[in-house]
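Visitor: here is a sequence with its predicted model. Questions after.
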Amino acid sequence: MYTNYTYQQSELFYGIIIALLITFSSLRSLRGRKVKPFNLFTRPLIYVILGLLILLTDISPLVLVAVILGSILGILLGDRFGKGSQVFLDQGEIFYKRSPIILAIWLSSYIARVLMYPYLGSSLLYVVSIALDFLLFMSGFMLLGESIYVFREYSKLKRAYS
């Protein structure tokens, strides 16, 4: 029989494992990855879906407003900070490198939110969790905005060398 504590430990364990898997698979994007438009948007969408799954544990009107504002701000900031990513030509193929800062912001907010899940009873922690939800969605949508920027740069480069 599982106690509540054991159940929370297993959720925490799986959340951290997911974060580590995503991080290690994302490292290729930091070193350089061939541009494939579908794959460019897949990972940020997975990050947003993971945020939605975490959000299902505690949804309220205030959380929903924070998530919507974070998402809008994230798209705008991601497009702006997308300039920190690189799109380049190597041996006739177009590659890109993502900005490590945006990924670090998303990963830290995801891990903080997962670690906080067992303690959501307190009102102070509730305010902190809303702030983390805002940050989680802002950073997830920053990655999506960065993908939009990279795709635009990829399209320009492709037209220039076609």
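Guide: Cool, the structure landed.
Visitor: quick check: the gap between the most centrally placed residue in the chain and Ala131.
Guide: Taking Cα atoms, centre = their mean, the centroid of the chain lies closest to Gly140, which sits 3.1 Å from it. According to Cβ to Cβ, to the nearest Å, Gly140 and Ala131 sit 15 Å apart. All C-beta atoms are positioned from the backbone trio N, CA, C, and that covers glycine.
Visitor: any buried residues in the helix or strand harbouring Val128, and which?
Guide: Under the criterion of DSSP states H and E, Val128 resides in helix 123-160. Neighbour-count burial for helix 123-160 flags 126, 128-130, 132-151, 153-154, 157 (criterion: 16 or more other Cβ atoms under 10 Å).
Visitor: off-centre distance for it?
Guide: 6 Å (Cα atoms, centre = their mean, to the nearest Å).
Visitor: and the contacts of stretch 47-57?
Guide: The contact list for stretch 47-57 (Cβ atoms under 8 Å, 6 or more residues apart in numbering) reads 15, 18, 22, 63, 67, 106, 110, 113-114, 117, 120, 133, 136-137, 139-141, 143-144.
Visitor: please apply the same query to stretch 70-85.
Guide: So stretch 70-85 is contacted by 96-99, 101-102, 133-150 (Cβ under 8 Å, 6+ apart).
Visitor: go again using 7 Å as the cut-off
Guide: 96-99, 101-102, 134-135, 137-146, 148-150 (Cβ atoms under 7 Å, 6 or more residues apart in numbering).
Visitor: for it, buried residues please.
Guide: Gly70, Ser71, Leu73, Gly74, Ile75, Leu77, Gly78, Asp79, Phe81, Gly82, Ser85.
Visitor: which one of those is nearest to Pro44?
Guide: The shortest approach to Pro44 among these belongs to Gly78, at 8.4 Å (Cβ to Cβ).
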